[in-house]
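**Q** from the sequence below, what's the structure:
(chains A and B)
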Amino acid sequence: SQQGEEDPQALSIQEGENATMNCSYKTSINNLQWYRQNSGRGLVHLILIRSNEREKHSGRLRVTLDTSKKSSSLLITASRAADTASYFCATDGYNTDKLIFGTGTRLQVFP
Amino acid sequence: NAGVTQTPKFRVLKTGQSMTLLCAQDMNHEYMYWYRQDPGMGLRLIHYSVGEGTTAKGEVPDGYNVSRLKKQNFLLGLESAAPSQTSVYFCASSKVTDTQYFGPGTRLTVL
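**A** Numbers count the residues shown, from 1 in each chain, chains lettered A, B, ... in the order given. Take a look at the predicted model:
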């Protein structure tokens, strides 16, 4: 399958630091999305970047996409304890109706 | 708007028992999905639907059946539960194949 693979699997930082997570995928895509999951909850959509975009911002989030390397990164700036969660990338297949999720990065932000 | 709701939130079954999980959305979305999430793994797609009366298999469909008789509801059935089906089940919906909105999840234990 074209599952996205996140790196690192786990990340621990102090409040105020930046957190960077990476995602690699295998085949062509229309778009790539990032989701957040708080412990025991459903996933929440954060940001979508299309294949013809290279960078996108939303508040403290910055996402980049490099289709030549089939990779994306999510940067959370000035992290807060409330950012503690798991973060997943998801890719759509080219001409498919579904998303394929990666295994996620667990982010822990210490006050 | 309630968004996406799932019933029940928790359930314990014995091996061989059957049950149905209900997902409901009030956003008039065409697409609906059922995923399972296991420790250390991302979400894996079980079945999905691109419209009322249609269903399709995902990555891990064996042991599950689905029905989409009404646009707002997507049912996931386990005919004969097995311990391997112990998991957290998430339903999601989307307008098209982009942002997915997730329910809170159903935690199922099969003894």
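
**Q** what residues does chain A put near chain B?
**A** Applying Cβ under 8 Å from any Cβ of the partner chain, one finds that chain A approaches chain B through A:1, A:3-4, A:30-31, A:33, A:35, A:40-45, A:48, A:88, A:90, A:92, A:96-104. (Each C-beta comes from the backbone N, C-alpha and C, glycine too.)

**Q** any quick PyMOL command for the buried ones out of the residues you listed?
**A** Of the residues of chain A next to chain B, the buried ones go into a single PyMOL selection, burial set by 16 or more other Cβ atoms under 10 Å in any protein chain shown:
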select buried, chain A and resi 3+4+31+33+35+42+43+45+48+88+90+92+97+98+99+100+101+102+103+104
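
**Q** tell me which of the residues of chain A next to chain B fall in helices.
**A** Nothing among the residues of chain A next to chain B maps onto helices, per DSSP state H.

**Q** contact residues of chain B facing chain A?
**A** Counting by Cβ under 8 Å from any Cβ, the residues of chain B lying close to chain A are B:4, B:31, B:33, B:35, B:40-45, B:48, B:50, B:56, B:58-59, B:90, B:92, B:97-105.

**Q** and those, which are buried?
**A** The neighbour-count test (16+ other Cβ under 10 Å) marks B:4, B:31, B:33, B:35, B:42-45, B:48, B:50, B:58-59, B:90, B:92, B:97, B:99-105 as buried among these.

**Q** which residue packs closest to residue A:70, ignoring adjacent ones?
**A** residue A:25 (5.2 Å; Cβ to Cβ, 6 or more residues apart in numbering or on different chains).

**Q** now residue B:8
**A** In space, residue B:8 comes closest to residue B:106 once its chain neighbours are excluded; the distance is 6.2 Å by Cβ to Cβ, 6+ apart.

**Q** quick one on the thing from earlier: narrow the residues of chain A next to chain B to those in strands?
**A** With strands defined by DSSP state E, the entries of the residues of chain A next to chain B inside them are A:31, A:33, A:35, A:43-45, A:48, A:88, A:90, A:92, A:99-101.

**Q** and those as TSV, adding pLDDT?
**A** Shown next, in TSV, are these (pLDDT from 0 to 100):
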residue	pLDDT
A:31	91
A:33	95
A:35	96
A:43	95
A:44	96
A:45	96
A:48	95
A:88	95
A:90	93
A:92	86
A:99	88
A:100	88
A:101	89
